[in-house]
Every structure is written in structure tokens, then in C-alpha cells.
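[1] Fold the following, please.
(chains A, B and C)
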Amino acid sequence: MEKSLLAPGHRACAGCAMPTTIRLVLDAAGPNTIVVSPTGCLEVTTTPFPESAWCVPWIHSLFENASAVASGVEVMLKRKGKDTNVVVIGGDGSTFDIGMGSNSGMFERGHKILYVCYDNEAYMNTGVQRSGSTPFCVNTTTTPSGKQSQGNPRPKKDMPAIAVAHKVPYVATASVAYPVDLRKKVKKALQANGPSYIQVNAPCITGWTFNAGTMIELARLAVESGLWPLTEYVDGELVGVKKVRRPKAVQEYLKLQGRYKHLFKGAQGPDLLGKIQAIADANIAKYKLVD
Amino acid sequence: MAIKAGSLVDPCSTLITKTGAWRTFVPVVDHEKCIKCSLCEIYCPEGCVHQEEGLFVPDLAYCKGCSVCANECPRMAITMVLEEK
Amino acid sequence: MSEKTTNMKVVEGSYAVAHAVMCCRPDVISAYPITPQTHIVENLSQMVADGDLDSEFLTVDSEFSALSVLIGASACGARSYSSTTSQGLALMYEVLYNVSGMRVPIVMNVANRAVGAPLNIWNDQQDAIGARDVGWIQIYAEDVQEAVDATLQAYKIAEDSGIRTPVMVCMDGFVLTHVYEPVHLLDKELAREFLPDYKPANILDPAHPMTFGAFADPSTFTEFRYQQFEAHQKALVKIEDVAREFEETFGRYYGGLLDGYFLDDAETVIVTLGSVVGTIKDAIDDMRSVGKKVGLLKLRSYRPFPVQALRKALKNANCIAVIEKDVAIGGEAGLVTDLKSAFYNSSIRTPIIGFVAGLGGRDITIKDIRKIVAKAEASRGRIESEFEFLDLRTEIL
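    Residues are numbered from 1 along each chain as shown, chains lettered A, B, ... in the order given. The predicted structure is shown next:
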């Protein structure tokens, strides 16, 4: 493999999926790439002044404006006749929530920008608060489980569908556990004639609480259980789905994570586990994950 | 070190920070078992596993000891060992 | 004053400013509609549509994005422009700090307007004065001609390699944006001579893959702030230099940091910003005709705040009245507070009294100015009221 475009020495937690995800994205995009990142774990762990882990040009402005900043980068590159990839890489807080207006604007203006969301399903940089991406029943520091609560009461926001609704020509979900698939999707996205969106499942050791070594295993279980289907949309049409040979029960995925611990001891646990299984089953049916 | 207006920084400059100091367990590779699938290199969050003369070795200057490589190795060729410092 | 350009036309203020922007040759313009700045960007979009202006024109989803887009464009080497007002400027608040901290030399016209609630679309200067600490240079225009000229000057100040600081060119909403008056439109070639192309030292470029906007911890944050502070100190000199250079090229000059009207022998001096200057000048003419020694100090540069120049210009006054279209609720108001602080450690012990007027578009009349002068004169003996709302309709309170 060629020299990585994300240098070691960054300050991400041991066992964090984010740097692996970013490295895979950069491997596929190559050095002729400019990256824009919103505020978040990625930004603080890779750019503690006077150091930077980035070996490609990189800019951070604010939490909610990465897509707008990238839009400015893209129009100026186009004006100068440069054929350089413009890639936004941000977490789910900036992607699903606070940056939604700016993302929507970038999508609908049709900039040739790849937006990659490393999705760890909560605001991890600030200490594991619920985001619009947090799945049903997850224990976060703002949706804690307790006598009156079973964690996050709402389902995860369907961000890829929102991207598709903007007529984004290439939309995909991917996983850090499937590097070949992820790299292939990045390459395809960069060929799109307009914006593209890839949402990558990226487990967070701190927020999900699991044994560091199981990071990839967890991401794989998310796919194998049907909770994280790997999908691909071209011009709004579902064109590709990663098949699951024998779907695993969601418990196998959930039981390895502290964020679901309450489901395995309370009286309501079985009922809620059933509801999460139903989410997976619905995905399996909707995307025809099993042949 | 003079600061650059706008908080400008040189590329790849985290290399000066040796995150290997974070480590408690160290990966030990049994090269006999290794089938060179390169999964350890691909999955390593630090990007610190490299091939040296055909052998996959972690750069211990940066390895944080997360054990993802050991967990993902299909041949169980990597063992995490408590490091004596 | 000899005008070196002859292209004088009766045009709307917004057109005149848009024409000035065209002469600055921005690579990227972003626009989000908000009254009363809309005519500026509408005119610019027409110029682009007609092929008179070669700029990338982006219609964005909010003022927040309007300014953010320009950060990315500027980081790629673009000269960039936007304009806004009021709620739009308030929405940009976080980005304003970011632009100045990243040292991106964006120029923006602010069509000054009240900030709600209650909602009010008319002119005052609460929007820009409320953003006085965000690190931007703020220049205020008295009339359309000044807004035009300050726009060109602003890029030259902003892009100076030792300054690299964004500039707001403030012009009173409606009063200047929607007025039709005779204006010397800028000559494109002279403007090009005056303002060369923008060539920043560092840009986002795969050949030199720099990181922009790394995060700073307590060991360096103070120094980044100090660099901005220092840039503003340099701008105190640059603003004056650029105004003089502009005079050499275009033949017009109305002060760099500040300007005076019957200031030299004035006993009572009114200090203010923006378009109310015209009314004050008329009032002064009247008062001078009956022997009253009243003068005016028009502040052009509110940020950087020219402490030394103000001390020098006001040293002979024996009472000072500040009139401004903003209020710092819970305190007094921006300009009067800053002026008092500028004098505290000097030998000047002239009474300074402050008046808030013209909020939300209310007219400031010659009668109001006379009232202010009378109160200021009375303050020489004993200050009865340090700070007050002028022309308050007590009957509806």
C-alpha cells in the first residue's frame, strides 16, 4: 500500500474507527484532494496546533458550515480550471443536525463534492450526547436509561434518504469493516457528475463502550444483523446492496456494547430488543438483504 | 516555533508525537502464521502497520495497543502482550 | 477637490455600490436576500448575467452559508464579496469571528438596519455596532459616494499582507441603499491600477498541502488573538494611507480614520457615524450663521477605534455630544462608551454626553441636533444626564 495520507501521531482513542475510515477514504481519493472538516473528534484529534495528521490540504472553519466552505472551495477550483477532488469529512452531529442547512444547500446547488459522514451515532467529541443519528434505545448522556427511560426514544434519522431526495446523483452507505466496498464507493462517488454522499458506520469505543479490539467486529455485526445495510443509490435508484448470507440476531451486535446494556437487565428489555430486531427485519425486507 | 496567522500548520506533522507511549499491551506478530492478507495494515487506526522486507510489522512508535489487528487477524498470528516499560 | 473621474450618474445607492464591487473584480460572490441589502446583490447578479462581471455568483441557503462559502473560496485564492444587514449579520455572528481569526480578507457591505424584536426593517446601526468585537475592520459611509469609494479602499486594506483582516463597509439601510443621487462611478481601469489582483501567500493546494485552521490550546490562543490585535493597529496607519492613495488616483478624500466639519475652532463638537452627518452639517451651518461655534467629528473607522486621532481632533472642544443609532442595553451605547474610554487616561476632561437616536428608522431632524447641542452646552456647567434616548415618545410608554 502507498504511504497513507493520514499520518500517525493523531490523538484519536485507541480502537477508534474514525482514522481507519478516513485513511480508506483518502487511499481511494488520492493526493489530489482537498478536505474540509467540520468541528468534531476528527478535527481535534488530527489538528492540535502546531501539528496536523493531514497530508492533503485540509481546512476547518466551524461545526455547521463545512458544506458551505467546501462549496466555496469547489467553485474557486472550477474557476481556476483545477480538477481536484473536494471531500467533506464530518461526523453525524454536523451531518445530520447542525450542518443540515448547509448540506442541503450544497446538495441542491449541485457542487461536485463528496460528503463522507463517519457515523458514530452521537456527539462523541462533547461526551456522548444524543444526535439525530442515534438509534432507538441507545443510552447517551442526554438520553440516559433510568427508571423512566430506556435510552433514546426515537429512531435514527434516514440521512441517505434525505440526500436522495435532493437528487444527489450518488448516495451510499458503507462500513469501516468493509474496506474494499468503501474504497470502491469513494471512487465511484468522485466520478459522479455532482454531489455525492457516503455514510460510513464507524464505531466509537468511548461512546459505545466496547473492548477496543472488537471495533471492526462490531461494525461487521451491524451489517450482518441488518441494522446497517450497505446500499448504493445512483440517480435516486437503489442499484446495489451487500447481501447478508445468514443474518445474525441483533442481540449478538447489541450485547457487546455498553450503550445497550440496560436492554439486557430490565423487565422491558425483551420487548425493546424485539423492537430493534423488527428494525433489522424491516431493513432485510426493504433492501432484500437475504437471497 | 513562530505561529502562523490563521493557524496554518505543515502537513503530516503529527509524526513528531509518538503515541506509542499510550500503550499498555503490545502486539507481537508470529510471522510464521502470517498469510500476508494485510488486514492488520488496513484496519489499524493508527496506520502504523507496514511491510518491512515482506513482513507485516507495527511501528511501535505510534501503536496505541488497541488490539484491533490481533482481533481481526484470520490466523491469530498477532498476540497482545502486557508491555514492560 | 478635483475629481479625476467624470463618470457621474444619478443612480440608486445599491447600484453604485454594486458597480464599485464589479470594479474590484471579485472571483466569488455569495448572496442571501435580506432587506435592505438585496438591491446590491441583485445588481451584481445582473452584471454577471449580462457578462459585465466575471464572477462566480452563488445563491446560498442562509447568511451563515453566504459568509462560510467565502471562507472556502478565499482559502483557494479568491477575492470574495458578500453583503448583508441586521438579522443576517446576526446570523453570521459565529462566522464573523471565524473569518477574522482565519485572517481571510473578505469585504462585505452592511446595509445597516435595526435588529429585532420587534421586527423592523428600517435603518439604525445596531447590527454592525453589535458586532464591534468580532475582529473585522468597520468603515462607515456618510453618503453613497463614500460607500462606493470605501468599498474599493476596503479590499486594499483587507488584503495588505500585514493586515489580512476582513472589512465591513457600513452604509445606512434605505437612506443610502435606496436613495438616488449623483455619484461618480468608479473607472474600471483606474480601479485595477489602484487594486491589483489578490495573491495570498498560502492557499489550499495539493502541491503544498497545508492545514488551515488547526485548533489552538491555551499555550498559543492568546498569541493568535494578539496577531489580530496587532493587525488592527497596523490598519490605523493603512486606512489613512489608502485614503490618501485613493485621493491621488481618484481625486476624492474625506478623511481616513475620521473627518471634521468646522472642527478646528469648535467649542461644542458632535461625534457620530454614517448618514446622519448630512443633517448635522445642515444644522451646524444654521448655528454657525448665528455665531455658535459648533463642529462635527465624523468617525469613518469605528474598528480599529482611532484613540490617538480622536484625542488629537477633540482636544480643543469644551463639550462633546455623541449621537448614535444603537444602544447597548444594560450599558449605554457603543460609540459613547468607546469615546469615554479613549479619553479617560488622557489629560482631556471634556464632558461627554451620549444620545441614542434614529432607532428603527426614526428620522433625526435639525431640531433634534439643536436640542443635542443645547444639552451639550449645558453640560459644561453640570452634567444633568450622561446618556439618554433622544426624542423619546413618553406619551406612548
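
[2] Now do stretch A:238-255: distance to the chain's middle.
    17 Å (Cα atoms, centre = their mean, to the nearest Å).

[3] Between the two ends of it, how far is it?
    31 Å (Cα to Cα, to the nearest Å).

[4] Tell me where the chain has strands.
    Let's take chain A. A:33-37, A:58-60, A:85-91, A:114-119, A:145-146, A:149-150, A:170-175, A:196-201, A:231-234, A:237-241 (DSSP state E).

[5] that's the wrong chain, I wanted chain B
    Using DSSP E, strands in chain B cover B:8-9, B:25-29, B:49-52, B:55-58, B:78-82.

[6] can I get those in a markdown table with mean neighbour count?
    For glycine as for every other residue, the C-beta is placed from the backbone atoms N, C-alpha and C. Below are the strands of chain B laid out as a markdown table (neighbours: other Cβ atoms under 10 Å in any protein chain shown):
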| stretch | mean neighbour count |
| --- | --- |
| strand B:8-9 | 22 |
| strand B:25-29 | 19 |
| strand B:49-52 | 15 |
| strand B:55-58 | 18 |
| strand B:78-82 | 15 |
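
[7] Which of these sits closest to residue C:161?
    strand B:8-9 (14.0 Å; Cβ to Cβ).

[8] any chance of the strands of chain B in CSV, plus distance to chain C and mean pLDDT?
    Compiled in CSV, the strands of chain B are given as follows (distance: least, Cβ to the nearest Cβ, whole Å; pLDDT from 0 to 100):
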stretch, distance to chain C, mean pLDDT
strand B:8-9, 4, 95
strand B:25-29, 29, 97
strand B:49-52, 21, 94
strand B:55-58, 26, 95
strand B:78-82, 32, 97
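
[9] right, and those strands - which one's nearest residue C:357?
    The nearest among the strands of chain B, by Cβ to Cβ, is strand B:8-9 at 44.8 Å.

[10] Tell me, how many residues neighbour residue 53?
    This is for chain A. Neighbours of residue A:53 under the rule other Cβ atoms under 10 Å in any protein chain shown: 32.

[11] look at chain C instead
    21.

[12] and if you look at the one 4 residues further on?
    By other Cβ under 10 Å, the residues close to residue C:57 number 18.

[13] before we move on, what about residue A:13?
    21.

[14] Name the nearest residue to it, sequence neighbours excluded.
    residue A:205 (5.4 Å; Cβ to Cβ, 6 or more residues apart in numbering or on different chains).

[15] coming back round to it: same list, the strands of chain A, but as TSV with mean pLDDT and distance to residue A:101 please.
    TSV is the format used below for these (pLDDT from 0 to 100; distance: least, Cβ to Cβ, whole Å):
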stretch	mean pLDDT	distance to residue A:101
strand A:33-37	98	16
strand A:58-60	98	18
strand A:85-91	98	14
strand A:114-119	98	14
strand A:145-146	95	32
strand A:149-150	95	30
strand A:170-175	98	19
strand A:196-201	98	15
strand A:231-234	98	22
strand A:237-241	98	27
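
[16] which parts of chain B sit against chain A?
    Residues of chain B lying near chain A by Cβ under 8 Å from any Cβ of the partner chain: B:1, B:3, B:7, B:9-19, B:22-23, B:38, B:41-48, B:59, B:61-62, B:64-68, B:70-72, B:80.

[17] Selecting buried members of those in ChimeraX, what would you type?
    Per 16 or more other Cβ atoms under 10 Å in any protein chain shown, the buried members of those correspond to this ChimeraX selection:
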select /B:3,7,9,11,12,13,14,15,17,19,23,41,42,43,44,45,46,47,48,59,62,64,65,66,67,68,70,71,72,80
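
[18] end to end, how far does stretch A:127-146 reach?
    End-to-end for stretch A:127-146, by Cα to Cα: 18 Å.

[19] try stretch A:152-159
    End-to-end for stretch A:152-159, by Cα to Cα: 18 Å.

[20] And stretch C:256-264, by the same measure?
    17 Å.

[21] list the buried ones in it?
    For stretch C:256-264, the buried set under the neighbour-count rule, 16+ other Cβ under 10 Å, comprises C:256-259, C:261-263.

[22] Dig out what residue C:294 forms beta bridges with.
    Residue C:294 forms beta bridges with residue C:268, as assigned by DSSP bridges.

[23] what are the ranges of the strands in the stretch 51-200 of chain C?
    Secondary structure of the stretch 51-200 of chain C, counting by DSSP state E, counting those that start in this stretch: strands at C:56-59, C:80-84, C:107-112, C:137-140, C:167-172, C:180-184.

[24] circling back to that earlier point, mind listing what the residue nearest to residue A:13 touches?
    Residues near residue A:205 by Cβ atoms under 8 Å, 6 or more residues apart in numbering or on different chains: A:13-16, A:212, A:215.

[25] Just give me the least confident of the residues you listed.
    Ranked by pLDDT, the contacts of residue A:205 bottom out at residue A:212 (92).

[26] Which residue, neighbours along the chain excluded, lies closest to that one?
    Closest to residue A:212 by Cβ to Cβ, 6+ apart is residue A:15, at 2.9 Å.

[27] quick one on the thing from earlier: among the residues of chain B next to chain A, which are in helices?
    B:41-43, B:68, B:70-72 (DSSP state H).

[28] pLDDT score assigned to the residue in the stretch 151-291 of chain A that chain B sits nearest to?
    Closest residue of the stretch 151-291 of chain A to chain B, Cβ to the nearest Cβ: residue A:213 (3.5 Å). Per-residue confidence (pLDDT) for residue A:213: 95.

[29] List the residues that contact it.
    A:15, B:66-68, B:70-71, B:80.

[30] Kindly recompute the last result at 10 Å.
    A:14-15, A:205, B:25, B:65-72, B:80 (Cβ atoms under 10 Å, 6 or more residues apart in numbering or on different chains).

[31] Check the separation of the first and last residues in stretch C:189-198.
    16 Å.

[32] And it, what's buried?
    In stretch C:189-198, counting by 16+ other Cβ under 10 Å, buried: C:190-191, C:194-195, C:198.

[33] Thanks a lot, catch you later.
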